[in-house]
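Enquirer: Could you work out the structure for the sequence below:
(2 chains)
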Amino acid sequence: MYLFKYILKRIALMLMTFLVIITLCFVFIKLLPNIPAEQFGKDMALIMQRRELLGYNLPIIQQYYRFWKYAIQGYFGTSEVLYIGQDVWKVFVSKLPFTVALNVYSIILSIPLGLVLGIIAALKKNTWIDHLISTSVMVVVSVPSFVYAFLVQYILYFKLGWASATMDATQGAFSWIGFKSMVPAILSMSFGTIAGFARYTRAELTEVLTSEFMLLARTKGLTKAQATVRHAMRNAMVPIFPMILGEFIAIMSGSLIIEQMFSIPGVGKLYVNSIQASPPDYNFFMLLSAFYTLIGLAAGIVIDISYSIIDPRIRMGAK
Amino acid sequence: MILVTLSLTQESEWGRSKMTEKDYMNIPKEKFKLANRTDSHDKKFDTKVIGYFADAWIRFKKNKSSVVAAAIILILVIYSIIGPYFCNQDYIKSYATDNIIMRYQYLTPKLSFMEGTGIWDGTKVIEVSQNRYYRLLAQQEETGNKVIVEIVDKFVREDIFRGPQTIYKVRIDNYAALKAFLLTLTVEQYNELQDWQIETGIQVIMPVTNVNVIGGDHNIWYQCDEKGNPVFDSKGDFINAYATTGIDDYYSTRYESDPYNVGNKELAFRYAQRTGVSGNYNYVVRVNAYKYFQYRYGFEPSFIFGTDTNGYDIFTRLASGARFSFILAILVSAVNLTIGTIYGAIAGYYGGTIDIVMERITDILSGIPFMVVTVLFQLHLSGKVGAIPSLIYAFVLTGWIGMSSRVRMQFYRFKNQEYVLAARTLGATDWSIMFKHIFPNSLGTIITGSILVIPGVIFSETSLTYLGIINLDSPTMSSIGSMLANGQSVMSSYPHIMLYPALFIALLEISFNLFGNGLRDAFNPSLRGTED
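Expert: Numbering: from 1, shown residues only, chains lettered A, B, ... in the order given. This next block holds a predicted model:
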């Protein structure tokens, strides 16, 4: 019962935060001068008429009301610059599979690898294996993702010719060709996640391995492997598991830089394009900002709640 | 401290039984005397007192990797500040005004003392067709610079359309292989250049050719077919195709092979084409790019990190980009430190409702994706205050949250401790308790936090400029991100354009993280002695 109340409270707070952010975002976007420049070949009268019909000349409060009225029905306006006249929601949904595919592949690769590396480093603490893993993890965590994205692209494509430089999106996101051409992007995306998980797992596991119940487990006759799997791993997973969950929530958010570098037509690239267009495509910007905000908030809340479910000792927000 | 006690036992009339409250109030001054004057001192410390910072310094020094990282950061900072002053300023200053620098794009890194080693000497191994090979050979013969350093390999490759092709794998000197180009000079400029040629003996101006220019290549000075394949004479040498003239109305230093030198004025080479109307002549001349550089900028072209797609010197561009990043990061860190500390101190010290309201505000602010903040600031403010201030605002708007939550935690930890209670009992104001008593105790955390902000800011700034969301690129200014973006399109053939900025940012981020971690450990007194 307590947990249920806690979850409800968290979700209510999240929605409130979300609402405030969206309102701020909406107002700031609407305050911008959004009248297209006059240009030869443009029918300004027609454009003005369209803007009038779309309600762009109404007071902001009324526009805001209309925004929510239509947003609830799944309509977030039409694109003005990038995909002129198309429903931004439909364009967004068509881009989503590419981002999801990239992230799913990356997660499938990186979570097991990260955990295994972390476990090895913890079990072989202060040996050369641990030093090797810890040092490379430190390097990978520090170096920005685009630096090793360059390296991957340069080595795999230009030097060895094993993979393509950019993604071939003609066959769809989950096709074999799509996967094959996405390999450099997946690798570049995974490095950071692998390193993050390895570091975290190592830290947690080393702490658990030195605790007294491990000594007890060994004393009562369990082998080291048994004790590690049955006692140490389970306890170490308490903080790690929420991280994995958070990673899954963030599946859709994608990486702006990786998508830009490897020409993956995903959500991140759409976002960057909508900002870089002149004038910026405000409807896309609004929708995607709301999307990213929601993902970020949801990931945070899922992590907090899963903590409380996994480990009853932890009650976030408890008095 | 001198102890003053009232020695009641010696004076019998002041015995306990006789005392009333009124007596206590009016004890005469003479009744007081100093007690234990001689042996009331604490034992002096035998050991030396180690302050908080000295202690942190001792622990920091023990962590070798952090010390190395700090040294690297120092080197990078010094490089970013004074690096450009080691380079020729004429070349850097000409970025904005001079389109000639486009002729010196894509030059590979060269260190003058590495010459001949094959590494970092401005050379590069490329595969060329026979046609191109002859062009390089001809260029070498005409300019006298060693264009082809060595022929690595020569083989025949089967081409589907053109049949077997002879391919030369050669190591060329990118600097010597700079292409000749045409230049339009006024009479004064022309005379000045001629004077310089006579003075130094370096032949910058090359004779104008009769050949149709193939693919914009002004290097072809020999007789050739329409594809540029040379026609050789009986000895296998190139036959020159220089334009000849009778008596020209300009003077020029001449080639040794010029027939003019042996008195054959009819066949003398022509060194300039005169254009324009009478009284306002211009001379169009074909110049050797390498030697023209010497004339124009006063030194032989040699760039430690090479040049980028615009011909900008990467060494100085990188330094200026890095300097911008450092200044931005330190500024943001300082502002975040101020705001975050005050905010976190108030939230943590007062607690209760104030804390809840303030936490809600930070929750909302931290929920906004950074990209959205940056873009909104750019759209709203960059027109009014410029791109850089609006970037700083964006960093500051949400950047202080991490610092404030850290400070808040520290205040929660310390605010109920005895020394705070003592201070409050003595009548200290809230403000002085916060910043005189609690704040110094959380100083270690705050310093570590503000150091660790710096790599984060540099990383974000680099990402934003790389994506082109913020464009700081101009002839006089640069950023690491835009340098990376600049090199990306030509990554396959000129990886050095990307290599140095990427290396720089990687080194910087690793060093800052190591340094920050070392600092965190150093400021954590609970780790004292654990390393021994």
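
Enquirer: which SSE is the residue lying closest to A:L115 once chain neighbours are set aside in?
Expert: Nearest residue to A:L115 in three dimensions, chain neighbours excluded: A:T201, at 5.5 Å (C-beta to C-beta, 6 or more residues apart in numbering or on different chains). Every residue, glycine included, has its C-beta placed from N, CA and C. Here A:T201 is covered by helix A:176-209, with elements defined by DSSP states H and E.

Enquirer: Which positions within the helix or strand following that helix qualify as buried?
Expert: Sequence order places helix A:212-219 as the next helix or strand after helix A:176-209, per DSSP H and E. Neighbour-count burial for helix A:212-219 flags A:214, A:217 (criterion: 16 or more other C-beta atoms under 10 Å in any protein chain shown).

Enquirer: nearest residue to residue 293 other than its sequence neighbours?
Expert: Picked chain A for this. A:I21 (5.2 Å).

Enquirer: look at chain B instead
Expert: Nearest residue to B:F293, sequence neighbours excluded (C-beta to C-beta, 6+ apart): B:P301, at 4.6 Å.

Enquirer: State the distance from that neighbour to B:F53.
Expert: In this view, B:P301 and B:F53 are 50 Å apart by C-beta to C-beta, to the nearest Å.

Enquirer: ok, now B:K44?
Expert: Look at B:K44 and B:F53: by C-beta to C-beta, they are 23 Å apart.

Enquirer: Of these two, which one has the most company?
Expert: For B:K44 versus B:F53, the count of surrounding residues by other C-beta atoms under 10 Å in any protein chain shown is larger for B:F53: 14 against 5.

Enquirer: what residues are up against the residue nearest to A:L115?
Expert: For A:T201, the contact set (C-beta atoms under 8 Å, 6 or more residues apart in numbering or on different chains) comprises A:114-115, A:117-119, A:121-122, A:236, A:240.

Enquirer: Residue numbers of chain A in contact with chain B?
Expert: A:13, A:17-18, A:20-21, A:24-25, A:28-29, A:31-32, A:138-139, A:141-144, A:146-147, A:150-151, A:153-154, A:158, A:256-257, A:260-261, A:271-272, A:275-276, A:280, A:285, A:289, A:292-293, A:296-297 (C-beta under 8 Å from any C-beta of the partner chain).

Enquirer: Please list the members of these that lie in helices.
Expert: A:13, A:17-18, A:20-21, A:24-25, A:28-29, A:138-139, A:141-142, A:146-147, A:150-151, A:256-257, A:260-261, A:271-272, A:275-276, A:285, A:289, A:292-293, A:296-297 (DSSP state H).

Enquirer: among the residues you listed, which ones are buried?
Expert: Burial by neighbour count, 16+ other C-beta under 10 Å: within these this picks out A:17-18, A:20-21, A:25, A:28-29, A:138-139, A:141-142, A:146-147, A:150-151, A:256-257, A:260-261, A:271-272, A:275-276, A:285, A:289, A:292-293, A:296-297.

Enquirer: For chain A, what's its nearest residue on the stretch 1-150 of chain B.
Expert: Distances between the stretch 1-150 of chain B and chain A by C-beta to the nearest C-beta are smallest at B:S65, namely 9.1 Å.
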